[in-house]
Each structure stands twice: as structure tokens, then as C-alpha cells.
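In: following is a predicted model, sequence given first.
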Amino acid sequence: MKTGIHPDYRPVVFRDRAGDFAILTRSTLNSEKTIEWEDGNTYPLIDVEISSASHPFYTGNARVVDTAGRVERFKRRYGK
């Protein structure tokens, strides 16, 4: 690999504020915000809107969408 053209790959904390969930992983993303992690070190903090801790599919809170009404409405509009 060429030197000097790749972004830094370093530890970063991703936090899902809605799910009250945070994970320490590695990434090339950068952030001005930092957080002190459980090990006592300070890492860049990336806030995300949704993760497996708050996504309806993974939490079991998924809503079932009634598609039968849409199909009937389509058939009424565009007929046979």
C-alpha cells in the first residue's frame, strides 16, 4: 500500500442515544467530540441515530403494515 494516502484507522466509540448503547470499535471516521471509555482512555465519539439496540426489527417492536387495504384500493382505482 502507498504510504500517506489512507486515513487513520483508530479506535472510535459509536453511541446510540435512543438505545442507550455504545460500542468501542475501529474506524476511519473522525469527530470533535470525545468520551472517556470504561478502560480510562479517551476516544472520539460518533453519535448514530439508530443501531441494533433501537432498531424495531432487532428489538421486536416492528409494526405490521396492512397491505391488503392498499391492494384493494389499487384494484378499485385501476379495475379489472
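Out: Received it, and whenever you're ready, just let me know what you need. Numbers count the residues shown, from 1 in each chain.
In: spatially nearest residue to Ser31 (excluding sequence neighbours)?
Out: Closest residue to Ser31 apart from its sequence neighbours, by C-beta to C-beta, 6 or more residues apart in numbering: Pro44 at 4.3 Å. Every residue, glycine included, has its C-beta placed from N, CA and C.
In: I misspoke; the intended subject was Asn41.
Out: Pro11 is the one closest to Asn41 (C-beta to C-beta, 6+ apart), at 7.9 Å.
In: so how far is the longest helix seen in the chain from its chain's centroid?
Out: Longest helix in the chain by number of residues, with DSSP state H as the criterion: helix 68-78. Offset of helix 68-78 from its chain centre (C-alpha atoms, centre = their mean, to the nearest Å): 35 Å.
In: CA-only coordinates of it, as CSV, when you get a sec.
Out: Extracted C-alpha coordinates of helix 68-78, given in CSV (Å, rounded to 0.1, in the frame of the first residue of the first chain):
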residue,chain,number,x,y,z
ALA,A,68,-54.4,-5.6,2.0
GLY,A,69,-56.0,-2.2,2.1
ARG,A,70,-53.6,-0.8,-0.4
VAL,A,71,-54.1,-3.7,-2.8
GLU,A,72,-57.9,-3.3,-2.6
ARG,A,73,-57.6,0.4,-3.2
PHE,A,74,-55.4,-0.2,-6.3
LYS,A,75,-57.9,-2.7,-7.7
ARG,A,76,-60.8,-0.2,-7.2
ARG,A,77,-58.9,2.6,-8.9
TYR,A,78,-57.5,0.7,-11.9
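In: for it, which helices and strands make contact with it?
Out: Contact here means 3 or more C-beta pairs under 8 Å, 6 or more residues apart in numbering; DSSP states H and E; on that basis helix 68-78 packs against no helix or strand.
In: average pLDDT for that helix?
Out: The average of the pLDDT scores along helix 68-78 is 80.
In: run through who's touching that helix.
Out: Where contact means C-beta atoms under 8 Å, 6 or more residues apart in numbering, no residue beyond helix 68-78 reaches it.
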